[in-house]
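1. Predicted model follows, preceded by the sequence.
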Amino acid sequence: MKLPEWQKLLTDNFSIEMLREVFRSDGEGLFKFPTPKVIQENKTAWRSDEEFGRQMLAGTNPVTISRLQDFPPKSKLDPKVYGDQTSKINNEHIQKSLGGYSVEEAIKNERLFIVDYHDTFMPYLRRINATNNKAYASRTLLFLKTDGTLKPVAIELSLPHPLGDKFGADSKVYTPSEHGVDYGLWQLAKAYATMNDAGFHQVVSHWLKTHAVIEPFVIATNRQLSVLHPIYKLLRPHFHDTMAINALSREILLNAGGLFEKTLFPDKYSLEISSMVYRDWDFTKNALPTDLVERGVAIEDSCSPHGVRLLIEDYPYAVDGLEVWSSIKTWVDEYCKLYYKSDDMVQKDVELQAWWKEIREKGHGDLKDMPWWPKMKTIQELIDSCTIIIWIASALHAAINFGQYSYGGYIPNHPPITQRFMPTPGTDDYKELETNPDKVFLKTITPPFRALLGMSLVEILSRHTSDEVYLGQRESSEWTSDKEARDAFARFGRKLGDIEDRIVKMNIAGKLKNRIGPVMMPYTLLFPSSEPGLTGKGIPNSVTI
């Protein structure tokens, strides 16, 4: 009997054992999907420009948007190799969408923002486009409106120059439109930009910047710190099952011919791209306030509760994240100061120094000489470093991971693959944009089999297990005999409970448009606790999925 095409593709590419492991999902049938939250309340609101902008602040990858400071946007690619990669976006493209501001005024008034994947993907496009996938390198400009929402004002899609890399980029700029062929082109431009976002999210924001970078800390902690060491007791819950899930990921997701290659547009270049981005990784910039300032979406402000003031006030990931970050830092500060009364004690702790040396010189050996590494000579350096470690393993991973099905489970909203280029004048697809733009859109994005595979994957990744232990919780109340430490931890748990109450109130109030959006989907990815299953909330202690 001849197998259906999708079944044959599965059995040809993956072993039965691997498929059983990948598609385990609480007993539900293979390829039976719940309705993703992004279309539960409104089936079409995901198409709106407002929702497109909102997902830069409250979607699955809210960590890449930055404030535009140079216009037109510049490239950091080597001009000797790649020629002039400066953006082709000009005043005429965006002036009409800036609410009466000139471009210079919009930049000066901190109202223009950018999501820029140009430099990440441009060096790989010739190779990616030689596969069945067809991709561009995108730059998306957004304008901050007076109501606090972001409006996309231009999307630049670039390819390598047909005459050679040294001739720069072959770029075209698309701007918002609501009618005719231009409407279809704008919807496609958003899809290509979102496809860049989906690929970057999975291989960089998710795999590299949570799963991969935390591994050296897990290994060094178990190798260098006694189980009785106070820092071991502090960090141990945040490393639970991480090595196991990373080993499984290397077997079925990251391996040659694995699920990442099958479901993401960079295909077999996914891990190479991840490795290239790692060269610029900076441990200290994983501190949330530092990251926000570095991206220009916040400024340092000693009068603000968390030491920074957001330039986009209604930025759900940052608003909730700063609350969680501060609660983690307060807990770590109180805990560390119970055991370290002076900087000298930090310096003379042989286990602690061996731990940090292994992390820096072996675990992250490629970056061991970077000047940004904390020297681990002071109590403050210890507190800051442990806070960053816990943040990466818990809240950062939760914000990046557990909304994947809510947003990406509906492929048109967040397509991870595009299989053809933008239609050009004179082609049948271009003519069809006038009469049936949706048909052209669906022919362009992820093909059915790979869509089903990708949906299954993100559904599994978005689920909480029944034995999950969340931030502010421990598997046992007897994790330490030190009453002062237990009391400090109890205060931490109560603070997280207060944060939950605050999130609920903000989501109900309805004044903050980016918390709900046109799709009517409250932002809960940094709500600390959760029930088992596909909830779109909850911060597990560690990277376990």
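-> Received it, and whenever you're ready, just let me know what you need.
2. Tell me the first helix or strand C-terminal of the longest strand anywhere in the chain.
-> Criterion DSSP state E: the longest strand present in the chain is strand 150-160. Sequence order places strand 169-174 as the next helix or strand after strand 150-160, per DSSP states H and E.
3. Mind giving me the packing neighbours of the helix or strand just after that following strand?
-> Remark: after strand 169-174, the chain's next helix or strand is helix 180-200, criterion DSSP H and E. Helix 180-200 is packed against helix 49-58, helix 118-121, strand 137-144, strand 150-160, strand 169-174, helix 428-435, helix 437-444, with contacts defined by 3 or more CB pairs under 8 Å, 6 or more residues apart in numbering; DSSP states H and E. C-beta here means a position set from N, CA and C on the backbone, and glycine is covered the same way.
4. Assign the residue nearest the centre of the chain to helix, strand or coil.
-> In the chain, the residue lying closest to the centroid (CA atoms, centre = their mean) is N61, at 3.3 Å. N61 falls in the coil class when you classify it by DSSP: H, G, I helix; E, B strand; the rest coil.
5. Now that it has come up, it's in contact with H201, right?
-> Yes. Taking contacts as CB atoms under 8 Å, N61 lies within contact range of H201: 3.9 Å.
6. Now for these two: what residues contact both?
-> I400 (CB atoms under 8 Å, 6 or more residues apart in numbering).
7. Report how many residues lie close to K166.
-> Neighbours of K166 under the rule other CB atoms under 10 Å: 12.
8. what's the answer for R491, then?
-> R491, neighbours per other CB under 10 Å, totals 15.
9. cool, D170 as well?
-> Residues within reach of D170, counting by other CB under 10 Å, total 14.
10. Contact partners for Q95?
-> By CB under 8 Å, 6+ apart, the neighbours of Q95 are 102-103.
11. so I388 sits right up against F283, yeah?
-> Yes. If you go by CB under 8 Å, I388 and F283 touch, sitting 6.5 Å apart.
12. quick revisit: contacting residues for the residue nearest to the centre of the chain?
-> Contacts of N61 (CB under 8 Å, 6+ apart): 197-198, 200-201, 205, 400.
13. could you redo the last one with a cut-off of 10 Å?
-> N61 is in contact with 55, 115, 194, 197-198, 200-202, 204-206, 317, 399-400, 403-404, 407-408, 414, counting by CB atoms under 10 Å, 6 or more residues apart in numbering.
14. Check A318 too.
-> 57-58, 62-63, 65, 288-289, 291-292, 295, 297-298, 306, 308, 310-312, 325, 526 are the contacts of A318 under CB under 10 Å, 6+ apart.
15. Double-check that it belongs to a helix.
-> Yes. Assessed with three-state DSSP, A318 lies in a helix.
16. From T290, how far off is it?
-> 12 Å (CB to CB, to the nearest Å).
17. list residues touching both of those two?
-> 298, 308.
18. Low-confidence regions, this structure specifically.
-> Counting by pLDDT under 70, the chain contains low-confidence residues at 1-31.
19. In it, where's the longest helix?
-> Longest helix in the chain, counting residues (DSSP state H): helix 483-509.
20. Flag every buried residue along it.
-> 485, 488-489, 492-493, 495-496, 499-500, 503, 506-507 (16 or more other CB atoms under 10 Å).
21. If we only consider those residues, which is nearest to D182?
-> Using CB to CB, N507 comes nearest to D182 of the buried residues of helix 483-509, at 35.5 Å.
22. ok, the closest one touching Y523?
-> Yes. Under the criterion of CB atoms under 10 Å, N507 makes contact with Y523 at 6.8 Å.
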